[in-house]
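1. Can you look at this prediction? I've put the sequence above it.
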Amino acid sequence: MDHELILRSLRRAVAASPDDRALRRHLARTLVEAGAGEEAIAHLSTLLAADASDSESAQLLERALAASIDSAADQPDDGAVDSAPTSADDGPTAPESGPRAAELASEPSPSAAEFDWAAAEAQVDGLVDPMFVGGDGDEPDTGAFDVERSGLTLADVGGMQHVKERLDAAFLAPMQNEELRRLYGKSLRGGLLLYGPPGCGKTFLARAVAGELGASFISAGVADILDQYLGTSERNLHELFELARRNAPCVVFLDELDALGVRRTQTRHSGMRNIVVQLLQELDSIGADNEGVFVLAATNQPWDIDPALRRPGRLDRTLLVLPPDQVAREAVFRVHLRDRPVESIDLAELARRSDGLTGADIAYVTELAAERALLDSVRSGTARMIGMPDLLAALREVRPSTGAWLDAARNVVLFGDDDGTFDELRGYLKKSKRL
């Protein structure tokens, strides 16, 4: 079988299996032996772009470049080059094999000292796109996590004074009073678990803490960490904490912790158990130093979290984040009405009438009020302002979204293991007459 038939079969095989490295390398070697250096260079460049340590392809590329350079030198000055016919399904066809191809294949590769790298770069220029593009010369960042700087502070959090005091004791006071911190031996590390009903601003609080500290902020959710392949989730967790250590002081926010740190007694899949173990190791800073790394975690289901995560030195402090109080509700209404056309709005009255609503509920109330005013404007043909009647009508339509969560919390407090973790929650349920 001649070279052309072999090459035709190999090209079709590579087109059908483009990720088969051995097959593509075999095609490139056959092209080099047939004298088709430029086509071989394209295939070898593809292999080396995916794996720069592929020494066999690198050596073959040197042969292909040398053959291509010699072939260009042998061409007549007028640029007339004989070429074999091409077909639509086979791609470019290599020159006829002959004595010259055999001679090129038998020539030894030039040494590194003799190799003309400038000519080699000119040969491959434009054949393969660069792996990374950037103008600053820095190492490319291919991580899945972004390091941010939060512009929020606790002053941006309306009300919630008790929550602010707990956060100040846990993180802010030691960071802002270095001499006292050293005097009392308080380390710049720690973990705090924020729990409570959904929509109450746990993520907002975490960003405010980072802004108050003047620290870097990294937010990581379930989709950023969990992966279908065994071992990848653990590696993602390790990369997250390594990034935080390099950017210390840094606040790491782990959202939906119950999905990452589920009780190991409830898991049937060994992969989830490994993720919990990896998280424990990172919190314990095994093989690293977590000084200056503050971990804030949030969950709606604290009773599903592995108890080992709440042991001393890990997420050893818990903070209940409840629906906003009256001062906070007034602030939330102000934020969501700030950029809308409103008139004669009594924020204090709205806050008084919205007891039990979360921040997300209040945002929905303002959305409904704006929708009501918009529809009236469409019907009348004249735009009007959003007024108190619109907001009060919307308030009558919205019910607190915390009911199901509070019912589940009540069952945990009444029938679950009472180790004191949920004493604050028990007090709230009694105060709201749910116990």
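-> That came through fine. Numbers count the residues shown, from 1 in each chain.
2. This protein - how does it break down into domains?
-> 3-77+84-124, 148-320, 326-397 (automatic domain parsing).
3. Pull the contacting residues for residue 386.
-> Residue 386 is in contact with 337, 340-343, 345, 369-370, 373, counting by CB atoms under 8 Å, 6 or more residues apart in numbering. The C-beta positions use only the backbone N, C-alpha and C, and glycine is treated the same way.
4. Show me what it is bridged to.
-> Taking DSSP bridges as the rule, residue 386 bridges to residue 342.
5. Would you mind measuring from it to residue 336?
-> Residue 386 sits at a distance of 11 Å from residue 336 (criterion: CB to CB, to the nearest Å).
6. picking up where we left off before, can you tell me which of the contacts of residue 386 has the most neighbours?
-> residue 369 (27 neighbours; other CB atoms under 10 Å).
7. Could you pull up the residues touching that one?
-> Taking CB under 8 Å, 6+ apart, we find residue 369 in contact with 386, 390-391, 393-394.
8. same check, this time on residue 383
-> 341, 377.
9. secondary structure class for it?
-> Here residue 383 is recorded as coil under DSSP: H, G, I helix; E, B strand; the rest coil.
10. From the chain's centroid, how far away is stretch 149-166?
-> Distance of stretch 149-166 from the chain centroid (CA atoms, centre = their mean, to the nearest Å) equals 25 Å.
11. in what helix or strand does residue 22 lie?
-> For residue 22, the element it lies in under DSSP states H and E is helix 21-33.
12. Give the other helices and strands that that helix contacts.
-> helix 3-16, helix 37-50, helix 55-74, helix 99-106 (3 or more CB pairs under 8 Å, 6 or more residues apart in numbering; DSSP states H and E).
13. Any chance of a markdown table for the contacts of residue 386, columns pLDDT?
-> Shown next, in a markdown table, are the contacts of residue 386 (pLDDT from 0 to 100):
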| residue | pLDDT |
| --- | --- |
| 337 | 95 |
| 340 | 93 |
| 341 | 93 |
| 342 | 93 |
| 343 | 93 |
| 345 | 94 |
| 369 | 96 |
| 370 | 95 |
| 373 | 95 |
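14. which among the residues you listed gets closest to residue 237?
-> residue 337 (40.5 Å; CB to CB).
15. In the chain, mark out all the strands, start to finish.
-> Taking DSSP state E as the test, the strands found in the chain are 148-149, 190-195, 216-220, 250-254, 293-299, 317-320.
16. Which neighbouring elements make contact with the shortest one?
-> Strand 148-149 is packed against strand 216-220, with contacts defined by 3+ CB pairs under 8 Å, 6+ apart.
17. circling back to that earlier point, looking at the contacts of residue 386, which one is closest to residue 312?
-> Using CB to CB, the contacts of residue 386 come closest to residue 312 at residue 337, 44.4 Å.
18. contacting residues around that closest one?
-> Contact analysis of residue 337 by CB under 8 Å, 6+ apart lists 345, 366, 386.
19. can you rerun that using 10 Å?
-> Residue 337 makes contact with 345, 347, 350, 362, 365-366, 369-370, 386, 391 under the criterion CB atoms under 10 Å, 6 or more residues apart in numbering.
20. Between the domains of the chain, which has the poorest mean confidence score?
-> Least confident of the domains of the chain, judged by mean pLDDT, is domain 3-77+84-124 with a mean of 68.
21. circling back: for residue 415, which of the domains of the chain is the nearest?
-> In terms of CB to CB, the element of the domains of the chain nearest to residue 415 is domain 148-320, at 10.7 Å.
22. Please compute how far that closest one lies from its chain's middle.
-> Per CA atoms, centre = their mean, the centroid offset for domain 148-320 relative to its chain is 16 Å.
23. Residue 398 reaches residue 350, doesn't it?
-> No: Residue 398 sits out of contact with residue 350 when judged by CB atoms under 10 Å, with a separation of 11.9 Å.
24. can you list residues touching both of the two?
-> Shared contacts of residue 398 and residue 350, defined by CB under 10 Å, 6+ apart, are found at 362, 365.
25. Compare those two (neighbour count), which wins?
-> The neighbour count for residue 398 versus residue 350, taken as other CB under 10 Å, is higher for residue 350 (24 against 15).
26. Now do the same contact list for the more buried one.
-> 329-330, 332-334, 337, 362, 365-366, 369, 388, 391-392, 394-395.
27. quick check, nearest of those residues to residue 197?
-> residue 362 (13.5 Å).
28. Wait, residue 302 touches residue 194, no?
-> Yes: assessed by CB under 10 Å, residue 302 is found in contact with residue 194 at 9.3 Å.
29. Neighbour count: the two, which is higher?
-> The residue with more neighbours, out of residue 302 and residue 194, is residue 194; 28 against 23, by other CB under 10 Å.
30. who does the more buried one bridge with?
-> Applying DSSP bridges to residue 194 gives these bridge partners: residue 298, residue 319.
31. returning to what we had before: want to throw the contacts of residue 386 into CSV with distance to residue 36?
-> Converted to CSV, the contacts of residue 386 look like this (distance: CB to CB, whole Å):
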residue, distance to residue 36
337, 70
340, 68
341, 70
342, 73
343, 78
345, 77
369, 71
370, 67
373, 71
